[in-house]
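Engineer: 3D, please:
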Amino acid sequence: MIKVPLTVYGADLLKEELQRLKSVERPDVIAAIAEARSHGDLSENAEYDAAKERQSFVEGRIAELEGKLSNAQIINPLELDADGRVVFGATVELMDLESEETVVYQIVGDDEADIKVGKVSVNSPIARALIGKEAGDVAEVMAPGGIREYEILDVKYI
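Structural biologist: Sure, this is the predicted structure:
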């Protein structure tokens, strides 16, 4: 069994999605299938085919979310004894040493990652380079354009 690391917030998002799929999406799909069946011949019924395809997607996603949540390792960075080091769930302020641009990233699980909101996967090159380092350290990240260096300005556990 492979454990899936999640932040508390990430686990809550998955639980909310699972609840919505079970209580809203699944009944809607069942109603759509019943409606399409009432139209007669199923062999040439596009509505029925679409509803069955939607049902397959919803049931697959429910199974996927239940699997992830059952294998979840929910990590709260506030409860870790990280001692100022970058760990899973930490929010890190970095300065690109080449451009002197400052960025802030939170290291999260794969399902939570969204670079647009500053959340990077624990499996990404930048997160792997940062894990274990402290404020003041320089991390070298292998990027598509070559090696980039980032100075860690601050590490927070939010």
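Engineer: What pairs with the helix or strand containing Glu93, parallel or antiparallel?
Structural biologist: For Glu93, the element it lies in under DSSP states H and E is strand 91-96. If you go by DSSP bridges, strand 91-96 pairs up with strand 102-108 (antiparallel), strand 146-156 (antiparallel).
Engineer: Can you say which of these is packed in most?
Structural biologist: strand 102-108 (a mean of 20; mean count of other CB atoms under 10 Å). Glycine gets a C-beta too; all of them are placed from N, C-alpha and C.
Engineer: helices or strands up against the next helix or strand after that one?
Structural biologist: Counting by DSSP H and E, the element after strand 102-108 in chain order, helix or strand, is strand 119-121. Helices and strands touching strand 119-121, by 3 or more CB pairs under 8 Å, 6 or more residues apart in numbering; DSSP states H and E, are strand 102-108, helix 125-130.
Engineer: What residues of the longest helix along the chain count as buried?
Structural biologist: Counting residues, the longest helix found in the chain (DSSP state H) is helix 46-70. Under the neighbour-count criterion of 16 or more other CB atoms under 10 Å, helix 46-70 has Tyr48, Ala51, Lys52, Gln55, Val58, Ile62, Leu65, Lys68 buried.
Engineer: From Ile75, how far out is the fourth one?
Structural biologist: Separation of Gln55 from Ile75 (CB to CB, to the nearest Å): 34 Å.
Engineer: before we move on, the earlier item: let me have the strands paired with strand 91-96 in a markdown table, extended by distance to Leu13 and mean pLDDT.
Structural biologist: Output for those, formatted as a markdown table (distance: least, CB to CB, whole Å; pLDDT from 0 to 100):
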| stretch | distance to Leu13 | mean pLDDT |
| --- | --- | --- |
| strand 102-108 | 11 | 93 |
| strand 146-156 | 21 | 90 |
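Engineer: Who are the contact partners of the residue nearest to Gly136 when sequence neighbours are not counted?
Structural biologist: Using CB to CB, 6 or more residues apart in numbering and skipping residues adjacent in sequence, the residue nearest Gly136 is Ile152, 6.6 Å away. If a contact means CB atoms under 8 Å, 6 or more residues apart in numbering, then Ile152 has Val86, Val92, Glu93, Leu94, Leu130, Lys133, Glu134, Ala135, Gly136, Asp137, Val138, Ala139 as its contacts.
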